[in-house]
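Asker: Make a model of this:
(chains A and B)
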Amino acid sequence: DQQVKQNSPSLSVQEGRISILNCDYTNSMFDYFLWYKKYPAEGPTFLISISSIKDKNEDGRFTVFLNKSAKHLSLHIVPSQPGDSAVYFCAASGFNSGGSNYKLTFGKGTLLTVNP
Amino acid sequence: DGGITQSPKYLFRKEGQNVTLSCEQNLNHDAMYWYRQDPGQGLRLIYYSQIVNDFQKGDIAEGYSVSREKKESFPLTVTSAQKNPTAFYLCASRKTGEGYTFGSGTRLTVV
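Answerer: Coordinates of the predicted model:
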């Protein structure tokens, strides 16, 4: 059973427009969420995170929104740039929990293509 | 500079052979992780270790083994029992209270 779902395998946007990447989760114990960006043949790099006590976190062009009641989060990139083209992974964990929630659970990723 | 080093970047293995992937970190992180990435599968957890001399199976541990004799090192052995070992392998570490830091990955191909 997939606990973190990214239902769009790919997304294509024009340079300068907004990119919205979506992520849904099913485990109500998750209280910390992250987005990672990954280029081919490289390891993922951390982009932005949000804890469940917030509903929005912003860092430059990147904003993550969390809707706990809907168990949904989204990553907004404004404005989108060609260099943003990569696979974006949503991840979740029980951040303040030990045991089985010590690890991150990842979605399958969304390939973002920003066209010049 | 602190970071995680995975070696080699590319690795070829003959069927029936065991092979060990290296992961070293100098971040003084307690926890270390091994993930596997396949096309359309995202990142799947193989093994993880929260402290030295202790490790737990992840979601797809069959055919793999690990050791954690030192805090800095978490090598992964892909054994001949792993039926489909060709994949991109990622090592990560984490300091308590923070997110993961990933290595650059090892591409393993069975020939």
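Asker: mind checking how far the nearest residue to B:Asn53 once chain neighbours are set aside is from B:Gln56?
Answerer: In this structure, B:Asn53 finds its nearest non-sequential neighbour in B:Arg68, 6.1 Å apart by C-beta to C-beta, 6 or more residues apart in numbering or on different chains. For glycine as for every other residue, the C-beta is placed from the backbone atoms N, C-alpha and C. Going from B:Arg68 to B:Gln56 by C-beta to C-beta, to the nearest Å gives 10 Å.
Asker: who touches both of those two?
Answerer: Taking C-beta atoms under 8 Å, 6 or more residues apart in numbering or on different chains as the criterion, B:Arg68 and B:Gln56 both touch B:Ser49.
Asker: okay, the two: which has more neighbours?
Answerer: B:Arg68 (20 against 15; other C-beta atoms under 10 Å in any protein chain shown).
Asker: just checking, the more buried one touches B:Cys91?
Answerer: No. Assessed by C-beta atoms under 8 Å, B:Arg68 is found out of contact with B:Cys91, at 12.0 Å.
Asker: Between the two, which contacts overlap?
Answerer: Joint contacts of B:Arg68 and B:Cys91 (C-beta under 8 Å, 6+ apart) are B:Met32, B:Phe74.
Asker: For chain A, tell me whether the helix or strand of chain B with the lowest mean pLDDT is touching it.
Answerer: Within chain B, no helix or strand scores below strand B:100-102, which has a mean of 89 by mean pLDDT, DSSP states H and E. Yes. Using C-beta under 8 Å from any C-beta of the partner chain, strand B:100-102 reaches chain A at B:Tyr100, B:Thr101, B:Phe102.
Asker: Determine the set of other helices and strands touching that strand.
Answerer: Counting contacts by 3 or more C-beta pairs under 8 Å, 6 or more residues apart in numbering or on different chains; DSSP states H and E, strand B:100-102 is packed against strand A:32-38, strand A:45-51, strand B:87-94.
Asker: Can you tell me which of the residues of strand B:100-102 next to chain A is closest to B:Thr86?
Answerer: B:Phe102 (20.0 Å; C-beta to C-beta).
Asker: one step back: so which of the helices and strands packed on strand B:100-102 is the most packed in?
Answerer: Counting by mean count of other C-beta atoms under 10 Å in any protein chain shown, strand B:87-94 has the highest mean neighbour count of these, with a mean of 24.
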